[in-house]
Structure formats: C-alpha cells, structure tokens
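*Asks:* Predicted model follows, preceded by the sequence.
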Amino acid sequence: ETGVTQTPRHLVMGMTNKKSLKCEQHLGHNAMYWYKQSAKKPLELMFVYSLEERVENNSVPSRFSPECPNSSHLFLHLHTLQPEDSALYLCASSQDEGTTGELFFGEGSRLTVL
Amino acid sequence: GENVEQHPSTLSVQEGDSAVIKCTYSDSASNYFPWYKQELGKRPQLIIDIRSNVGEKKDQRIAVTLNKTAKHFSLHITETQPEDSAVYFCAASKDTNAGKSTFGDGTTLTVKP
C-alpha cells in the first residue's frame, strides 16, 4: 500500500481510557507530523518528527504522547482525554522537515471522547 | 508567530463561474504558500503552491497569485465544476519549516450544477 495510512479511522473512548492512533507512511519520507482538525478551526500542528526525533511540540497537553519508533511509523498515545479533544487527527509526512514541499496527509482518525 | 487569515469562510457559485479565495499572512519571512483541497471525508491534498520569488502560477483551471508587498495570496478557480466542491485551505511557511505551515481556517466551496 502506498501513501499515508492511519488506523483506526474512527475511535470512541471514555475519559479514563487509554488508546493509540497509528500512522504509517510508505513514501520514504523523513519527516512525520500530527495535526488536529476541529470544526471551524484551522489545522493545528501538534508534533513534528524528523528522522525519528521529535523536533517540535506545539504546547500540546501531556495527555497526548507521540512515539516514532522508525521513520515509517508514528503513534499518538491518548490517555485521560477531555471531550474537547474530540476531533479529526491527521497524520502527514514530507520528504524532509527542513525543506519546502508537499505535505502528504492520511485520511485521519476521527476521535470522539465521551 | 505566523498568522494566516482566509476569506470567505463559505463560497457558493454556479457551475462555470469563477471562484476566488483570499489569504493574508503576517510574517514577511514566509516564502512558501501551498493550497490544499479537502473533499468531504477525505484527506487534504495539495493542489497548487507558490514560492515568494514568483508572482503567479497556473495549472489548468487553477491559479495562485502572490503579492509579497501586501502579504496576501489568492486562489483562482475558473470554469468551476461540481467536483470542485470541497474545503480549501491556504497555508504559509518559511523555507526551513515547510512541515510547520500555518493554515488558514478554510473555505467551503459549493459549486451548484
């Protein structure tokens, strides 16, 4: 499979649950990102990984914990979330973190926190 | 940091008409301006981009113009078709931070047949 793949596509969890979102890219890219997309808000950059190293954390609450075990995989671990965390979480990749160029997005994981 | 404003938030046109979406940015150091299209339930996809050393770029029915002095750029879609209906996002970033683009709020374009 090519491109950027995210699983699960839909997730419902309670505030006390622990779950994880997974992203996999088959493009040979070196940089991966997590974005949050809420209704009527712009895309919000959450985390940036370059060559498996976190290079940016945009003041994201600690209840979101990213993990990048290798350049093809990115996880977002979720625990004790709040209802306002319900959103579409988009993973993206690019050739390199430090150069201009296209972001390739996954189709997103729709998260609902009850 | 960078601030990107996008207008209008919604736009409805008749098939065959033109559509224009405008964005302004605040950081004069930004020099890369991509536009993404997101169809309902689908992923955002790059449709066109422009760098600050160019004033205009065209790709078939889509064009983007950039005014660096005024710090604004626009997306122009001519001869719109129903399949152009989607949410369009503009973004701005600096050379060394392409993946950290600041996005506009998005414009929902509806093309009526």
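*Replies:* Arrived safely.
*Asks:* near chain B, anything from stretch A:59-78?
*Replies:* No. Applying C-beta under 8 Å from any C-beta of the partner chain, one finds stretch A:59-78 separated from chain B by no less than 11.3 Å. Placement of C-beta: from N, CA and C, glycine included.
*Asks:* End to end on that stretch, go ahead and measure it.
*Replies:* 16 Å (C-alpha to C-alpha, to the nearest Å).
*Asks:* For that stretch, which outside residues touch it?
*Replies:* For stretch A:59-78, the external contacting residues (C-beta atoms under 8 Å, 6 or more residues apart in numbering or on different chains) are A:13, A:17-26, A:29-30, A:32, A:34, A:46-47, A:49, A:51-54, A:79-82, A:85, A:89, A:91, A:111.
*Asks:* ditto for stretch B:59-67
*Replies:* Under C-beta under 8 Å, 6+ apart, the answer for stretch B:59-67 is B:33, B:35, B:47-50, B:52, B:54-57, B:72-80.
*Asks:* least trustworthy helix or strand in chain A by mean pLDDT?
*Replies:* Among the helical and strand segments of chain A, the one scoring lowest on mean pLDDT, DSSP states H and E is strand A:53-57, with a mean of 73.
*Asks:* Could you check how far the residue nearest to A:H79 when sequence neighbours are not counted is from A:H77?
*Replies:* Spatial nearest neighbour of A:H79, excluding adjacent residues (C-beta to C-beta, 6 or more residues apart in numbering or on different chains): A:K18 at 4.4 Å. The gap separating A:K18 from A:H77 is 7 Å, by C-beta to C-beta, to the nearest Å.
*Asks:* now swap in B:V111 and tell me
*Replies:* Noted for B:V111: a distance of 41 Å to A:H77, by C-beta to C-beta.
*Asks:* These two: which has the busier surroundings?
*Replies:* B:V111 (20 against 13; other C-beta atoms under 10 Å in any protein chain shown).
*Asks:* now the more buried one: how far from B:I50?
*Replies:* Separation of B:V111 from B:I50 (C-beta to C-beta): 23 Å.
*Asks:* Understood, closing this out.
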